[in-house]
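Q: predicted model follows, preceded by the sequence.
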Amino acid sequence: MDAAPAADIPTETGMVQLPPPPEPPTREERAQVYLRIGLDEARQQLGRPVHALEGMSPLFYGLAASQVPPFTDAARPVVRSVYLGPNESLILLDQQRVRGGARVPVLSGNSARLGEVILYLHGEARPEVLRKLLRRVR
């Protein structure tokens, strides 16, 4: 994508050229993914197949920093599935395997536990959209 051209702004003493506006953030930057990964790596990170939002296809998978709460191990990354929601909003499904013997925090709102995986659904969509989508995690 080419950068927007610089703009010439008239002043009393002549024309001043302003720098072009900054590039909009990429989807990876908006999703705060530090490394894109494939399904095989996601499965290896979780020790099981990746959960998904029924009826939606992820744009990509990546690794992201843990957020506390709801995750049990802030030192390990989470697997982030990135979906495109209404109005080009990003919907993020974070997943982290619970380590044996780890204390699981109280989960509420957009968090859930399916088997040995903690899920956290968040992103740029409205809260009511996220709550409805959490019921579609498989």
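A: Nice, I can see it.
Q: for residue 111, give me phi and psi.
A: The phi and psi values for residue 111, taken as degrees, to the nearest 10, are phi -110, psi 150.
Q: if it is in a bridge, with which residues?
A: residue 120 (DSSP bridges).
Q: is it true that it touches residue 118?
A: Yes: Residue 111 is within contact range of residue 118, at 6.8 Å (criterion: C-beta atoms under 8 Å). Using the backbone N, CA and C atoms, a C-beta is placed for each residue, glycine as well.
Q: those two: which is more packed in?
A: Shown here are residue 111 and residue 118; by other C-beta atoms under 10 Å, residue 118 has more neighbours (24 against 18).
Q: list the helices and strands the helix or strand harbouring the more buried one packs on?
A: In the assignment (DSSP states H and E), residue 118 maps to strand 117-123. In terms of contacts (3 or more C-beta pairs under 8 Å, 6 or more residues apart in numbering; DSSP states H and E), strand 117-123 is packed against strand 90-97, strand 111-114, helix 127-134.
Q: which of the ones you listed is buried the deepest?
A: strand 90-97 (a mean of 23; mean count of other C-beta atoms under 10 Å).
Q: good, wrapping up.
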